[in-house]
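Peer 1: pasting the sequence and the predicted model now:
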Amino acid sequence: MLLAFVGLGWLAARRLAIDPRPIATLLVYLIAPLTFFRALVLGGPTPAYLFLTAVLFLLASLVALIVHSLARHRFAPEESALLAFSSGTGNTGYFGLPVALVLLPPQGVTLYLFCVLGVTLYEFTVGFYLSARGRFSVAQSLAKIIRLPLVYAFLAALLASGLELDVPDAVMEGMAVFPATYTLLGMMIIGMTLGRVSVRELDLRFIGACVAIRYGLWPLLALVAVLGLQAFLPLSPALALALLLVGVVPMAANVVVVAMELGIAPEKGALAVLITTLAAPLFIPFYLTLLMRLTGIH
């Protein structure tokens, strides 16, 4: 179904000449923050859950910073910025959540969602800053982060939870439309961007680096993380599988959304996202079966 949304976006760009840039702005500044706020409020954040969010945020940020330091010597500024951003994130929401709902018990889905929140928080803080640095100065990049409402949505959700404030049911019901809208527009914008791609946008070196990080580095990181935790802590199978799932999803659709918003090679990002998404039905079962066997999860 997600690929059908990509196809709809491609048709909209080719036949209706729809400009995806306003849609990217809408996603970044309105739909994503409200989706994030609703998910955090419904999840009932606890110190243990927020610790999980913090760990995934730090891991994603560390990977992106390392990739950025290496890529800027081998790629053009915009490409290295986009590669760094994409290296710290994955399609944990649009693609990973349906898989999590099938594989994990309710408690495991909650654990997975707080992992996703950490990755999403990275996207709109450290990741957005690294992306902006591909085109803007340090001051301009920081100014763009300060303007991002998702950070404030995160703080507002924590404040509401900490003070035990009840968000009115009518408000929560009204925001229920945003997760589906987020998924639909997030995948359609990939198709819209692909609708403007020419053959010369096919950069095999860039796409190869994206695929290597997403389907080479991240599964290895997930395996090492689970084995390391199992060696020192009584790690539940649900949490272990949630962490493994974070490591095997395809590239994030938000790579295209952020690239479109900042104007940093969105066509190259869309091609890389499409390729990893098309490969996901093959890679995810293979990796999950292998990693579950290596970690002893049944």
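Peer 2: Okay, I see it.
Peer 1: now for the strand or helix carrying Val256, which elements pack on it?
Peer 2: Secondary structure from DSSP states H and E places Val256 in helix 254-262. In this structure, helix 254-262 packs against helix 21-26, helix 77-87, helix 126-132, helix 177-194, helix 266-295, with contacts taken as 3 or more C-beta pairs under 8 Å, 6 or more residues apart in numbering; DSSP states H and E. No exception for glycine: its C-beta is placed from N, CA and C like everyone else's.
Peer 1: any idea how far Leu185 is from the residue nearest to Tyr112 when sequence neighbours are not counted?
Peer 2: Leaving aside its sequence neighbours, Tyr112 sits nearest to Ala242 (C-beta to C-beta, 6 or more residues apart in numbering; 4.0 Å). Distance of Ala242 to Leu185, computed by C-beta to C-beta, to the nearest Å: 26 Å.
Peer 1: with neighbour numbers in mind, choose between these two.
Peer 2: Of the pair Ala242 and Leu185, Ala242 is the one with more neighbours under other C-beta atoms under 10 Å, namely 28 against 21.
Peer 1: next, that one: phi, psi?
Peer 2: With angles defined as degrees, to the nearest 10, Ala242 sits at phi -60, psi -40.
Peer 1: my guess is it contacts Gly108. True?
Peer 2: Yes: the criterion here is C-beta atoms under 8 Å, and Ala242 meets it with Gly108 at 5.6 Å.
Peer 1: quick check: neighbours shared by the two?
Peer 2: With contacts defined as C-beta atoms under 8 Å, 6 or more residues apart in numbering, the residues adjacent to both Ala242 and Gly108 are Ala100.
Peer 1: do you know how far the closest residue to Ile31 other than its chain neighbours is from Thr46?
Peer 2: Nearest residue to Ile31, sequence neighbours excluded (C-beta to C-beta, 6+ apart): Tyr182, at 5.1 Å. Tyr182 sits at a distance of 24 Å from Thr46 (criterion: C-beta to C-beta).
Peer 1: more crowded one of those two?
Peer 2: Tyr182 (21 against 12).
Peer 1: residue contacts, the more buried one?
Peer 2: Contacts for Tyr182 (C-beta under 8 Å, 6+ apart) come out as Leu27, Ile31, Ala32, Thr35, Gly93.
Peer 1: quick check: angle from the helix or strand harbouring Phe114 to helix 77-87?
Peer 2: For Phe114, the host element (DSSP H and E) is helix 106-123. Interaxial angle, helix 106-123 versus helix 77-87 (axes from the mean of the first three to the mean of the last three C-alpha atoms, to 10 degrees): 160 degrees.
Peer 1: now do the same contact list for the residue lying closest to Gly296 once chain neighbours are set aside.
Peer 2: In this structure, Gly296 finds its nearest non-sequential neighbour in Gln230, 7.7 Å apart by C-beta to C-beta, 6+ apart. Residues near Gln230 by C-beta under 8 Å, 6+ apart: Ala240, Thr295, Gly296.
Peer 1: likewise Phe5?
Peer 2: By C-beta under 8 Å, 6+ apart, the contact list for Phe5 reads Thr183, Leu184, Met187, Met188, Gly191.
Peer 1: avg pLDDT for whichever strand or helix holds it?
Peer 2: For Phe5, the host element (DSSP H and E) is helix 2-16. Averaging pLDDT along helix 2-16 yields 84.
Peer 1: begin at 9 from here
Peer 2: OK, 9 is where the count begins now, so the last one is helix 10-24.
Peer 1: may I see the buried residues of that helix?
Peer 2: Leu10, Phe13, Val14, Gly17, Trp18, Ala20, Ala21 (16 or more other C-beta atoms under 10 Å).
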